[in-house]
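Participant: can you look at this prediction? I've put the sequence above it.
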Amino acid sequence: MNVFKFGGASISSADSMKNIAKLIADQAYAQTRIVNVISAIGKTTNALEQVVRLTLSQQYEEALSEWHAILAYHLAFLDQLAINDNDLNKSIEHIDQYIKSRIIEPINTHGNFLYDQIVSQGEVLSTKIIATYFHQNYEPSSWVDARTWIKTDSNYTDANIDWKSTQEAIQTNINTINTRIVFTQGFLGGTPEGFYTTLGREGSDFSAAIIASSLVCDRVTIWKDVLGVYNADPKLFDFARLMPKISYQEAIEMTYYGAQVIHPKTIKPLKNKKISLHVRSFLEPKSEGTIVADFDQIDYPPIVVYRENQVMYRFQVKDFSFLDEANLGKIIATFSDLSYRIKLIQATAIDLVIVADEKVNKTDSILDKLQDIFTITLTKNIKLLTIRHANQEILERLYPKNNVLITQKTSDTIQFVLTKA
């Protein structure tokens with residue numbers, strides 16, 4: 001049993017979708033059962049988020065217009081892939097009616113709920129299309145609704161997994177499927193009531209890990225448009241090089257600080273079941289890529305993670321008293337309740353500094369929940385530079401000379417909070 005995950009870039013055109021179908025059907029995997037976890041096509045998620053924004057601001061005609069453009073974009077794939085399938089046509093018609101009903105007569109005006117019901121349809125569309133194309137051109141395949149496999153609570157936009165129910169559902173349902181090839185959606189789950197939930201942006205990697213750990217697979221393969229995991233973003237740093245092996249521990253550290261090759265929640269379920277993670281290129285499928293597993297004593301190069309669009313929060317108790325454990329706990333608990341990941345934290349006697357990704361909805365919630373107790377100062381449009389396993393050469397090359405707000409150093413990691421130059 002193997003689990004493949006394909007992101008939106010891998011199916012961004014009809015030709016790329018054909019390429020992925022060919023890869024799945026490759027003779028190298030002929031004796032392997034494959035569960036394929038698929039993201040939405042291209043930038044569909046961003047477009048559907050705009051539908052949500054327009055709906056929530058009661059711009060219903062504009063929301064419908066945006067949806068019609070998204071639907072037309074997907075229907076063009078059917079022509080380009082020469083698909084003419086009655087079942088697929090009925091499914092797309094159902095999705096069209098479903099989205100329209102959410103826009104015109106939303107049964108729940110809660111923003112996060114509406115987000116998950118609308119944005120989820122990007123993955124539903126993409127998997128319906130590729131499953132039908134594969135079935136027509138290669139061999140029988142099955143389509144699985146992620147809601148029937150991944151069971152969650154109703155924490156919409158960042159749902160928590162009910163692991164016991166999920167494992168039971170996946171293990172039971174896989175035995176009822178009689179095809180070798182299975183397609184399902186990444187990023188999605190379902191509540192006990194049957195509503196869609198999402199697992200956080202870019203959560204398809206996590207979906208693949210959930211399924212693999214439930215089935216106790218040998219490996220998970222994430223297919224990307226890069227050769228594997230690099231020690232730095234090759235688009236930004238000319239010293240970036242491919243790392244053929246990474247330990248689970250190092251992968252967790254990298255994702256914690258913001259490296260975007262792997263979703264942060266992906267590693268834990270794989271490590272718990274000792275399932276290896278392979279990051280490979282769908283453009284060069286014969287290349288080995290990067291393996292993440294239980295490795296020891298790897299001599300890592302300096303690993304650089306660079307994040308823009310950060311915000312720095314500075315909290316001070318309004319009566320200017322010490323920032324004791326109780327106050328610290330309130331702040332940290334609020335970030336945790338909002339599933340808002342902290343990238344750097346620094347405390348003094350009277351204030352606490354936290355750096356995190358700049359997210360408007362999260363920032364508003366932090367202010368609403370804490371501004372009665374604390375004076376909160378925001379510094380926006382900052383950058384966070386994290387260097388792990390630094391050597392003298394990399395420090396001389398990257399050590400910032402100006403615009404440094406905070407420097408924080410541990411035995412193997414140094415971080416710089418920088419103003420935008």
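Facilitator: Perfect, I can see it now. Quantities reported herein were computed from a predicted structural model and do not represent experimental measurements.

Participant: quick check: domain ranges of the protein?
Facilitator: 2-217, 303-419 (automatic domain parsing).

Participant: so where is the chain shaky, pLDDT-wise?
Facilitator: Scanning the chain for pLDDT under 70 picks out 106-109, 421.

Participant: just give me the longest helix of it.
Facilitator: Longest helix in the chain by number of residues, with DSSP state H as the criterion: helix 60-80.

Participant: could you check it and say which residues are buried?
Facilitator: By 16 or more other C-beta atoms under 10 Å, the buried positions in helix 60-80 come out as 62, 63, 64, 66, 67, 70, 71, 74, 77, 78. C-betas here are computed from N, CA, C, even on glycine.

Participant: so what does the closest residue to the second one other than its chain neighbours look like in phi/psi?
Facilitator: By that I understand residue 63. Closest residue to residue 63 apart from its sequence neighbours, by C-beta to C-beta, 6 or more residues apart in numbering: residue 54 at 3.8 Å. Note on residue 54: backbone dihedrals following degrees, to the nearest 10 are phi -70, psi -40.

Participant: OK, contacts around residue 54?
Facilitator: Residue 54 makes contact with 60, 62, 63, 66 under the criterion C-beta atoms under 8 Å, 6 or more residues apart in numbering.

Participant: then residue 142?
Facilitator: Counting by C-beta under 8 Å, 6+ apart, residue 142 has contacts 131, 177, 178, 179, 181, 182, 183.

Participant: kindly recompute the last result at 10 Å.
Facilitator: The contact partners of residue 142, taken as C-beta atoms under 10 Å, 6 or more residues apart in numbering, are 35, 131, 135, 173-174, 176-184.

Participant: got a markdown table for these, with distance to residue 365 too?
Facilitator: Shown next, in a markdown table, are those (distance: C-beta to C-beta, whole Å):
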| residue | distance to residue 365 |
| --- | --- |
| 35 | 36 |
| 131 | 38 |
| 135 | 44 |
| 173 | 36 |
| 174 | 38 |
| 176 | 42 |
| 177 | 41 |
| 178 | 47 |
| 179 | 44 |
| 180 | 45 |
| 181 | 42 |
| 182 | 38 |
| 183 | 36 |
| 184 | 32 |
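
Participant: which residues does the helix or strand harbouring residue 343 contact?
Facilitator: Assessed by DSSP states H and E, residue 343 sits inside strand 342-347. Residues outside strand 342-347 that contact it (C-beta under 10 Å, 6+ apart): 256-258, 305, 307, 310, 312-315, 323, 328, 331-332, 335-336, 352-357, 384, 386, 406-408, 415-417.

Participant: so where do the helices sit in the stretch 1-150 of the chain?
Facilitator: With DSSP state H, counting those that start in this stretch as the criterion, the stretch 1-150 of the chain has helices at 14-24, 44-56, 60-80, 86-104, 111-119, 121-137.

Participant: residue 153 is nearest to which of these?
Facilitator: helix 111-119 (12.1 Å; C-beta to C-beta).

Participant: can you list the buried residues of helix 60-80 in a markdown table and add distance to residue 241?
Facilitator: Below are those laid out as a markdown table (distance: C-beta to C-beta, whole Å):
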| residue | distance to residue 241 |
| --- | --- |
| 62 | 46 |
| 63 | 45 |
| 64 | 48 |
| 66 | 41 |
| 67 | 43 |
| 70 | 38 |
| 71 | 43 |
| 74 | 38 |
| 77 | 36 |
| 78 | 41 |
